[in-house]
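Q: I need the structure of the sequence given here:
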Amino acid sequence: MAKSAVNRLSVTVREKTGKGASRRARREGKIPAVLYGHGEDPQHLELPGHDFAAVLRHAGTNAVLTLDIAGKEQLALTKALDIHPIRRTIQHADLLVVRRGEKVVVEVNVVVEGEAGPDTLVTQETNAIEIEAEALSIPEQLTVSIEGAEPGTQFTAGQIALPAGVTLISDPDLLVVNVVNAPTAEELEEEGAGEEAEALEAAAAAPEGAGEAEAAGESE
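A: All right, here's what the predicted structure looks like:
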C-alpha cells in the first residue's frame, strides 16, 4: 500500500535561527526544520513535535507531509533527521519540497516473509533498497518471500517484486537475503571449543603480571 498526502501539519515560520532559538523551540515541544528544493529559498520552520513524531512512527520517514504554512499548503518529504544520541528525540529535520506527480528517489525497507525449508539459516544482508516512485505513491515497504527456500538460495534486489510505476535504483545484484545450511550441534560445539582455545592462548601469551598492573591502574 502506498503512502498518501494525509499527514497534515500546521507549521510556523521561524523568525530566529541558531542554537539558542532551536533550544527554545524544543523546550516548547517544537522541532526546528528547514524546507528546501525546486530552486526555492530555504524556509526555516518549526514543526509540532508530538504530531510530527506520530506521523513518522505510524507512516515512516517516507510519508508525504502536507505542511500548512500560513494558510498555504506545501507537500514535503522528510530528507534527514538529527536524533539526540541519548534521549533519541528529534533535534532537527530537513524537509524536501515535492510536487504532485513528481518522481523521487527514496530508501524503502525490505521485510522478509514466510518460513524457509528445514535445517536452514536465513540472514537478511540488506534492510532497505533505493527505488524511484511518484511522491504520492511510495510503497510503505517491500517484501521478500522465503517460503520453502532451500540452502543456497539467494534473493537479490532485482528479484523483489515492485509495484507498478516503481523503478529499482539499487544494484539489481545487491544481496538482500541469504539462505544457508543451519550449523549442526557438532559444528556449534567445535566453534565454541575453538573460541575457548583462542582465549586461553591469548591469556597465556599476555606478559606476566599484566593483569595485576591493569587492576592496580584501575584502582588508582
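Q: Past the helix or strand harbouring residue 68, which element shows up next along the chain?
A: Using DSSP states H and E, residue 68 sits in strand 65-69. Using DSSP H and E, the helix or strand that follows strand 65-69 in sequence is strand 72-83.
Q: Which elements pack onto that following strand?
A: Secondary-structure packing of strand 72-83 (3 or more CB pairs under 8 Å, 6 or more residues apart in numbering; DSSP states H and E): strand 65-69, strand 90-97. Using the backbone N, CA and C atoms, a C-beta is placed for each residue, glycine as well.
Q: circling back to that earlier point, for the strand holding residue 68, what is the distance to the chain centroid?
A: Its chain's C-alpha centre and that of strand 65-69 lie 23 Å apart, by CA atoms, centre = their mean, to the nearest Å.
Q: Please apply the same query to stretch 100-116.
A: 12 Å.
Q: And for it, what's in contact with it?
A: Residues from elsewhere that reach stretch 100-116, judged by CB atoms under 8 Å, 6 or more residues apart in numbering: 60, 62, 75, 77, 96, 98, 122, 124, 126-136, 138-150, 153, 160, 169, 176-177, 179.
Q: Go again with 6 Å.
A: 62, 122, 124, 128, 130-132, 134-135, 138-139, 141-147, 149, 169, 176-177, 179 (CB atoms under 6 Å, 6 or more residues apart in numbering).
Q: And for stretch 152-169?
A: Here stretch 152-169 makes contact (CB under 6 Å, 6+ apart) with 105, 129-133, 139, 142, 144, 170, 172-179.
Q: Mind checking which of those are in helices?
A: Using DSSP state H, no member of those falls in helices.
Q: What count of nearby residues applies to residue 154?
A: 14 (other CB atoms under 10 Å).
Q: Now list the buried members of the contacts of stretch 152-169.
A: Neighbour-count burial (16 or more other CB atoms under 10 Å) is assigned, among the contacts of stretch 152-169, to 129, 131, 133, 139, 142, 144, 170, 176, 177, 178, 179.
Q: got JSON lines for the residues you listed, with distance to residue 19 and pLDDT too?
A: Shown next, in JSON lines, are the buried ones among the contacts of stretch 152-169 (distance: CB to CB, whole Å; pLDDT from 0 to 100):
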{"residue": "129", "distance to residue 19": "36", "pLDDT": "98"}
{"residue": "131", "distance to residue 19": "36", "pLDDT": "98"}
{"residue": "133", "distance to residue 19": "36", "pLDDT": "96"}
{"residue": "139", "distance to residue 19": "38", "pLDDT": "92"}
{"residue": "142", "distance to residue 19": "39", "pLDDT": "97"}
{"residue": "144", "distance to residue 19": "43", "pLDDT": "97"}
{"residue": "170", "distance to residue 19": "37", "pLDDT": "98"}
{"residue": "176", "distance to residue 19": "41", "pLDDT": "98"}
{"residue": "177", "distance to residue 19": "44", "pLDDT": "98"}
{"residue": "178", "distance to residue 19": "45", "pLDDT": "98"}
{"residue": "179", "distance to residue 19": "49", "pLDDT": "97"}
